[in-house]
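S.K.: let me see the structure of the following:
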Amino acid sequence: MDAAENKVPPAAAWLGGLGALPFIGLAGSLPFLVDAPRVFAAHALAAYGATILSFLGGIQWGLAIGPARASYNPNVLTRLIVSVFPSLVAWTALLSAETIGLYLLATAVVAMLWVDLRATRAGHAPRWYPKLRIPLSCVVIAALLFGAMA
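M.R.: All right, here's what the predicted structure looks like:
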């Protein structure tokens, strides 16, 4: 096994880290805000969480249709079906009450982490992927739960 196969590409690490900043900033601001600004920040946190959750579904779609999957197998259909659920959950979360929506998003991020870890173990995602996903998912889940409880 090549050591490079386990190293997170620098662009993925930087972009992933920058993508975590809105979660940290929005969730961290909630205890200090009241009235309309608090409602806005909570909605922004849920909207960003829904966007990122949909992005995680898109990753599954990409794994299903990527060049390595040129020949059809039953796992492709399963992965395609799984790939649309995050967007449906994200939409449902945005239509839910603030706290319920944030809890729903956090739960869905946990579920997608499990899906991504399984994809890596099956050889369908890069070996470095869990090194990126686990810490980022922990930040996202913590921010969404903090936001729900703030």
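S.K.: and Leu104, how many neighbours does it have?
M.R.: Neighbours of Leu104 under the rule other C-beta atoms under 10 Å: 22. Heads up, the C-betas are built off the backbone N, CA and C, glycines and all.
S.K.: what packs against the longest helix anywhere in the chain?
M.R.: Of all the elements of type helix in the chain, the one with the most residues (DSSP state H) is helix 35-65. When contacts are defined as 3 or more C-beta pairs under 8 Å, 6 or more residues apart in numbering; DSSP states H and E, helix 35-65 sits against helix 10-29, helix 74-95, helix 98-121, helix 129-149.
S.K.: mind doing that once more with 6 Å?
M.R.: Counting contacts by 3 or more C-beta pairs under 6 Å, 6 or more residues apart in numbering; DSSP states H and E, helix 35-65 is packed against helix 10-29, helix 74-95, helix 98-121.
S.K.: tilt between the first one and helix 129-149?
M.R.: Right, helix 10-29. An angle of 10 degrees separates the directions of helix 10-29 and helix 129-149 when computed by axes from the mean of the first three to the mean of the last three C-alpha atoms, to 10 degrees.
S.K.: show me what helix 10-29 is in contact with.
M.R.: By C-beta atoms under 6 Å, 6 or more residues apart in numbering, the surrounding residues in contact with helix 10-29 are Ala41, Ala44, Leu45, Tyr48, Leu132, Leu136, Val139, Val140, Ala143, Phe146, Gly147.
S.K.: before we move on, the earlier item: what's the most buried one of the helices and strands packed on helix 35-65?
M.R.: Ranked by mean neighbour count under mean count of other C-beta atoms under 10 Å, the helices and strands packed on helix 35-65 are led by helix 98-121, which reaches a mean of 19.
S.K.: off-centre distance for it?
M.R.: In terms of C-alpha atoms, centre = their mean, to the nearest Å, the gap separating the centre of helix 98-121 from the centre of its chain is 7 Å.
S.K.: re earlier: counting neighbours, which of the contacts of helix 10-29 end up buried?
M.R.: Ala41, Leu45, Tyr48, Leu132, Leu136, Val139, Val140, Ala143, Phe146, Gly147 (16 or more other C-beta atoms under 10 Å).
S.K.: pretty sure the second one sits against Gly147.
M.R.: Which is Leu45. Yes. Taking C-beta atoms under 6 Å as the definition, Leu45 is a contact partner of Gly147 at 4.8 Å.
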